[in-house]
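Asker: Need a 3D model of the following:
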Amino acid sequence: MIKKLGWVFALGMSLCVQAQEAEQMALHSPFDFQLLLSANFGELRPNHFHNGLDFKTQGVVGKPIHCVADGYVSRVAVSHGGYGQAIYITHPNGFTSVYGHVISFMPKVQKYVRDYQYKNETFVCNLELEPGMFPVKAEEIIAMSGNEGASAGPHLHFELRHTDTQEYIDPMPYFKDRLKDTKAPVASLVGFYPLPGKGVINGAAKKKLLEVGALNQGVTAWGAIYTGISAKDYMDGTSNFYGVHSVVLYVDDKEVFRSTTDRVLPDENRMINGFTDYEELMRSRRLIMRSYIAPGNRLRLLQAGASRGVVHIDEERNYQFRYVLTDNFGNTRTYRFTVKGRKQEIPPYVPKANKMLYWNKTNVIQEAGMELVVPKGMLYDNAELQTEVVGDSTGISFDYVLDAGKTPLHGFCTLSIGVRHLPVTDTTKYYIVQKAGKWRASMGGTYENGWVKAKVRSLGRFAIAVDTIAPRVTPVAQNTWRTTRNVRLKVGDAETGVASYKVYIDGKFVLFGLKKGMLVVIDKEKIKKGVPHKAEVIVTDYCGNETRKVFKF
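Answerer: Numbering: from 1, shown residues only. As a prediction, the model looks like this:
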């Protein structure tokens, strides 16, 4: 009872802090039209939580974005992926607001960015700005909405962060009066999980997934188990689905687990892989929130006390489970089901792999000509690791199989592979490749004293490869360049990927952007109409192989 009161108190304090923060900074709307969301804060994504709100822009780009509060432009970033183009506004009360996927910045900021890009001959930039350079007022237009970067459609990605820690804060409380939501979350299935060697579900030491419509069939269990739930939230006026703000599990009316997605630190983002059923995500793309805190998972939005969400089924009786799902607007839905305690044999846990990875220490895995270092903090739970050395002595290196099943890594780990033969004398051309069937992906790497070292964030099959082939550059619709000035070039690199590019028109640098393998001119006005031109394109891959091509139009 004391523990339960403690969790309730903690939740109350969290909600109180949110309310106080909302009172301290009333935010204006970023748009002058009705707000609708395509994604909310904390929505489950592969390898991360969605760290803001996605505001719809009526299916088009070019909508004026208004600053939500007084402040100053503290950062602008331009990249090919991610937010594409983003503007950061720091406010005097300790918050920073972020506006991503924009197509352009306010004119004076846009000029500053363009001047930097041309001076440094680069599209990509990340500029930290001094407080007095670009002050802005609430409701001032700071950008135009777009579809830049890793965006699947026109929208504004909006974030709130604590300026000092860069902690992501749920912006929803600041916009609740401008949004309508009368719909409660809806679950689709519940998962039942036995702890290895400590529990069984329906007589077996493997998980059991049941659609919510089949929960009345009942499940039998014995020993230590936990559950998980897959659910989505919905809002009025849109067919989109969203993440569930709060999930609470009760067993026999005692709270055993709670998740509340209201704030996430940058280093916590990948901990979503310890929260969700990662194996199921990789197998079927379904996202199941486990009501369990893995021993190496430090995600603060999860609360479960000393039990970590584990339920001990040690009596032959019915255990009453109850999930309560709640959204930001207080809409709630409850799911009830029974787990029947039935005494059953629990088979001992016997590892099938030849090695183990431990969550609470640094793991050094070695085979002849290979070393993998998995630092402490990279695993959420212990994992079996099957290693194998494949190939013969004629290759650049052996292939090394490092199979931990569907085990996520929290961060990058150092992999070193020895070089057996040097078919190319230039050692900058060597890299580590990850293989799966016909799929290949470069992990990069540097050569040193007969070894190639790289950072990897997933396990699998690895070897050393060599890249001496320069990137491909192919003009697209070149016969229209003279009339449209829409210069486009398809670029790609089959091995290590495109690292950099530059385009010069008549000997002068002209800004191009790269999206989905296509180089597209940004500043058409730099290309004069009615006169012949010469375009020189330089594309370099991550092993330093360079392609230079000249096109006349």
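Asker: bridging residues for the closest residue to residue 125 other than its chain neighbours?
Answerer: Distances taken as C-beta to C-beta, 6 or more residues apart in numbering place residue 78 nearest to residue 125, at 5.1 Å, with adjacent residues excluded. Placement of C-beta: from N, CA and C, glycine included. With DSSP bridges applied, residue 78 shows beta-bridge pairing to residue 85, residue 125.
Asker: count of residues packed around residue 78?
Answerer: Neighbour count of residue 78, defined by other C-beta atoms under 10 Å: 22.
Asker: Could you do residue 352 as well?
Answerer: 7.
Asker: The one 5 residues further on now?
Answerer: By other C-beta under 10 Å, the residues close to residue 357 number 22.
Asker: what does the one 4 residues further on give?
Answerer: Residue neighbour count, defined by other C-beta under 10 Å, stands at 12 for residue 361.
Asker: any idea how far residue 87 is from it?
Answerer: Per C-beta to C-beta, to the nearest Å, residue 361 is found 43 Å from residue 87.
Asker: Residue 402 against residue 458, yeah?
Answerer: No. Applying C-beta atoms under 8 Å as the test, residue 402 and residue 458 come out as separate, 9.6 Å apart.
Asker: More neighbours: which of those two?
Answerer: More neighbours surround residue 402 than the other of residue 402 and residue 458, with 24 against 15 (other C-beta under 10 Å).
Asker: what about the more buried one, which SS state?
Answerer: strand (DSSP: H, G, I helix; E, B strand; the rest coil).
Asker: residue boundaries of the strands in the stretch 101-250 of the chain?
Answerer: With strands called from DSSP state E, counting those that start in this stretch, the stretch 101-250 of the chain shows them at 104-105, 125-128, 135-136, 141-144, 155-162, 168-169, 186-201, 208-211, 219-234, 241-242, 246-251.
Asker: wait, the stretch 251-400 of the chain
Answerer: With DSSP E, counting those that start in this stretch as the criterion, the stretch 251-400 of the chain has strands at 254-260, 263-264, 289-290, 302-303, 311-313, 318-326, 332-341, 355-357, 363-367, 370-374, 383-390, 399-403.
Asker: so where's this protein shaky on pLDDT?
Answerer: For the chain, the stretches flagged by pLDDT under 70 are 1-24.
Asker: ok, which stretches of it are helices?
Answerer: According to DSSP state H, the chain carries its helices in the segments 2-24, 107-120, 172-175, 272-275, 278-284, 481-484.
Asker: Show me how far the last one is from its chain's centre.
Answerer: On the basis of C-alpha atoms, centre = their mean, to the nearest Å, the separation between the geometric centre of helix 481-484 and that of its chain is 39 Å.
Asker: Repeat that for the second one.
Answerer: What separates the centre of helix 107-120 from the centre of its chain is 29 Å, taken as C-alpha atoms, centre = their mean.
Asker: which other residues reach that helix?
Answerer: Here helix 107-120 makes contact (C-beta atoms under 8 Å, 6 or more residues apart in numbering) with 73, 76, 78, 87, 104-105, 123, 125, 127, 133-134, 142, 509, 511, 523.
Asker: Are any of these buried, and if so which?
Answerer: For the contacts of helix 107-120, a burial check counting by 16 or more other C-beta atoms under 10 Å picks out 73, 76, 78, 87, 104, 105, 123, 127, 134, 142, 509, 511.
Asker: In those, find the pair that's most separated.
Answerer: Pairwise distances across those (C-beta to C-beta) peak at 27.4 Å, for the pair 142 and 509.
Asker: Which residues does stretch 483-493 contact?
Answerer: The contact list for stretch 483-493 (C-beta under 8 Å, 6+ apart) reads 469-477, 480-481, 498, 501, 503, 505, 512, 514, 517-521, 524, 527, 529, 535, 537, 539, 541-542, 545, 553.
Asker: next one: that stretch to chain centre, how far?
Answerer: Taking C-alpha atoms, centre = their mean, the mean C-alpha location of stretch 483-493 is offset from the chain mean by 30 Å.
Asker: do stretch 453-465 as well
Answerer: Distance, centroid of stretch 453-465 to centroid of chain: 20 Å (C-alpha atoms, centre = their mean).
Asker: Could I get the buried residue list for it?
Answerer: For stretch 453-465, the neighbour count (16+ other C-beta under 10 Å) marks 453, 454, 456, 459, 461, 462, 463, 464, 465 as buried.
Asker: can you pull the contacts of the first one?
Answerer: Same thing as residue 453. Contacts of residue 453 (C-beta under 8 Å, 6+ apart): 414, 415, 416, 445, 446.
Asker: now those residues as a markdown table including neighbour count and distance to residue 264?
Answerer: Formatted as a markdown table, the contacts of residue 453 follow (neighbours: other C-beta atoms under 10 Å; distance: C-beta to C-beta, whole Å):
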| residue | neighbour count | distance to residue 264 |
| --- | --- | --- |
| 414 | 14 | 27 |
| 415 | 24 | 28 |
| 416 | 17 | 33 |
| 445 | 25 | 31 |
| 446 | 13 | 33 |
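Asker: Mind putting those residues into TSV with distance to residue 117?
Answerer: Shown next, in TSV, are those (distance: C-beta to C-beta, whole Å):
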residue	distance to residue 117
414	34
415	35
416	37
445	30
446	29
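Asker: Please report how far the closest residue to residue 220 other than its chain neighbours lies from residue 190.
Answerer: Once flanking residues are discounted, residue 220 sits nearest to residue 342: 4.3 Å by C-beta to C-beta, 6+ apart. According to C-beta to C-beta, residue 342 and residue 190 sit 18 Å apart.
Asker: try residue 345
Answerer: From residue 345 over to residue 190 (counting by C-beta to C-beta), the distance is 24 Å.
Asker: Please name the bridge partners of the closest residue to residue 433 other than its chain neighbours.
Answerer: Excluding its sequence neighbours, the residue lying closest to residue 433 (C-beta to C-beta, 6+ apart) is residue 465, at 4.2 Å. Beta-bridge partners of residue 465, counted by DSSP bridges, are residue 431.
Asker: Let me see the contact set for residue 465.
Answerer: So residue 465 contacts 396, 430, 431, 432, 433, 440, 442, 495 (C-beta under 8 Å, 6+ apart).
Asker: Let me have those residues in a markdown table, extended by neighbour count.
Answerer: Formatted as a markdown table, these follow (neighbours: other C-beta atoms under 10 Å):
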| residue | neighbour count |
| --- | --- |
| 396 | 19 |
| 430 | 23 |
| 431 | 21 |
| 432 | 24 |
| 433 | 23 |
| 440 | 13 |
| 442 | 20 |
| 495 | 20 |
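Asker: What is the nearest of those residues to residue 32?
Answerer: Out of these, the member with the shortest distance to residue 32 (by C-beta to C-beta) is residue 442, at 45.8 Å.
Asker: Any figure for the gap between the nearest residue to that closest one once chain neighbours are set aside and residue 540?
Answerer: Spatial nearest neighbour of residue 442, chain neighbours left out: residue 496 (4.3 Å); criterion: C-beta to C-beta, 6+ apart. Distance of residue 496 to residue 540, computed by C-beta to C-beta: 10 Å.
Asker: Residue 401 now?
Answerer: Separation of residue 401 from residue 540 (C-beta to C-beta): 32 Å.
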